[in-house]
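K.L.:
sequence and predicted model, in that order:
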Amino acid sequence: MVVDGVGRRYAPSSEGLPALAARIPTRPLTAPLRPGGSYTTVLAFELPADVTHPRLLVTDEEPITRLLIGHEGSPGHKKMYFELG
């Protein structure tokens with residue numbers, strides 16, 4: 001999800017992604033990843049023209065991950081945002 005400077009949240013665009021994925025090879029974030037492997041995932045967001053300071057927030061909402069030391073969902077760990085240009 002993308003979070004803007006005033007805290008508004010934007011989910012990936014269900015309409016924009018198929019158009020973008022038709023031009024760029026991609027795999028969904030839910031695809032299995034083997035140790036040492038990698039893949040590219042394309043995300044598309046539709047943001048209003050007046051959005052300021054957009055940041056990408058990648059989260060894992062599975063309850064079990066809250067028990068992993070150093071995981072963003074574990075107690076005392078801050079959320080990690082990626083600045084978007």
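P.N.:
Nice, I can see it.

K.L.:
now the end-to-end length of stretch 8-23.
P.N.:
Using C-alpha to C-alpha, to the nearest Å, one end of stretch 8-23 lies 29 Å from the other.

K.L.:
can you check stretch 39-55 too?
P.N.:
Stretch 39-55 end-to-end distance (C-alpha to C-alpha) = 22 Å.

K.L.:
pLDDT of that stretch, averaged?
P.N.:
Averaging pLDDT along stretch 39-55 gives 89.

K.L.:
quick one, what contacts Val42?
P.N.:
Contact analysis of Val42 by C-beta atoms under 8 Å, 6 or more residues apart in numbering lists Leu17, Leu20, Ala21, Ile24, Thr26. From N, CA and C alone the C-beta is placed, and that goes for glycine too.

K.L.:
sec struct for the fourth one, please.
P.N.:
Per DSSP: H, G, I helix; E, B strand; the rest coil, the local secondary structure of Ile24 is coil.

K.L.:
what's the burial count for it?
P.N.:
When neighbours are counted by other C-beta atoms under 10 Å, Ile24 registers 9.

K.L.:
from the chain's centroid, how far away is the lowest-mean-pLDDT helix or strand in the chain?
P.N.:
Least confident helix or strand, the chain: helix 16-21 with a mean of 77, by mean pLDDT, DSSP states H and E. Distance of helix 16-21 from the chain centroid (C-alpha atoms, centre = their mean, to the nearest Å) equals 16 Å.

K.L.:
and for stretch 36-45?
P.N.:
10 Å.

K.L.:
ok, stretch 78-85 next?
P.N.:
Using C-alpha atoms, centre = their mean, the offset of stretch 78-85 from its chain centre is 10 Å.

K.L.:
okay, the residue most central in space within the chain: pLDDT?
P.N.:
The centre of the chain sits closest to Val58, judged by C-alpha atoms, centre = their mean, with a distance of 3.7 Å. Looking at Val58, its pLDDT reads 77.

K.L.:
residues contacting it?
P.N.:
Here Val58 is in contact with Met80, Phe82 (C-beta under 8 Å, 6+ apart).
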